[in-house]
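[1] here's my sequence, what's the structure:
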Amino acid sequence: MPILVSQGNSDDGHLEDLKRAARSGKTHEWTVLKKAQPGDEVLLYLISPIQAIVAHGIVKTFSRKKKSGPWTGEYMARIGEISMLE
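    You can find the predicted model right below:
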């Protein structure tokens with residue numbers, strides 16, 4: 001399985017979103033590469049202000065292009081089995 005790296009921004013609350021998903025065991029929508037497929041591993045990187053890989057997860061859905069909202073035009077997938085890295 002491929003290992004993908006995907007980014008977010010903790011200034012936008014993404015770190016807290018990941019922590020909540022890790023605690024609850026629920027999936028979380030995240031930007032991914034167009035070719036992402038269920039079962040791919042993903043390292044979740046925050047570009048600001050941390051600039052670090054903060055979590056690991058598994059892609060649970062095929063990627064799809066967002067048609068509206070804040071991530072319009074970006075490919076998104078549900079990420080599950082999220083574990084925070086220390």
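[2] buried sites along the helix or strand bottoming out on mean pLDDT in the chain?
    Least confident helix or strand, the chain: strand 3-8 with a mean of 78, by mean pLDDT, DSSP states H and E. Using 16 or more other Cβ atoms under 10 Å as the test for burial, strand 3-8 gives L4, S6, G8. All C-beta atoms are positioned from the backbone trio N, CA, C, and that covers glycine.
[3] check stretch 77-86 too.
    In stretch 77-86, counting by 16+ other Cβ under 10 Å, buried: A77, R78, I79, G80, I82.
[4] and the strands in the chain, which stretches?
    3-8, 28-31, 41-46, 52-59, 64-65, 75-84 (DSSP state E).
[5] show me what the fifth one is packed against.
    Here strand 64-65 touches strand 75-84, going by 3 or more Cβ pairs under 8 Å, 6 or more residues apart in numbering; DSSP states H and E.
[6] strand partners of the strand it packs on, parallel vs antiparallel please.
    strand 28-31 (antiparallel), strand 52-59 (antiparallel), strand 64-65 (antiparallel) (DSSP bridges).
[7] of all those, which one is nearest R20?
    strand 28-31 (7.9 Å; Cβ to Cβ).
[8] please save the CA atoms from the closest one in PDB.
    Output in PDB follows, covering the C-alpha atoms of strand 28-31 (Å, rounded to 0.1, in the frame of the first residue of the first chain):
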ATOM      1  CA  HIS A  28     -12.400  12.700   9.300                       C
ATOM      2  CA  GLU A  29     -12.400  14.300   5.800                       C
ATOM      3  CA  TRP A  30      -9.000  15.500   4.700                       C
ATOM      4  CA  THR A  31      -7.200  16.600   1.500                       C
END
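[9] what's that strand in contact with?
    Here strand 28-31 makes contact (Cβ atoms under 8 Å, 6 or more residues apart in numbering) with 6-8, 17-18, 20-21, 42, 44, 57, 71, 74-80, 82.
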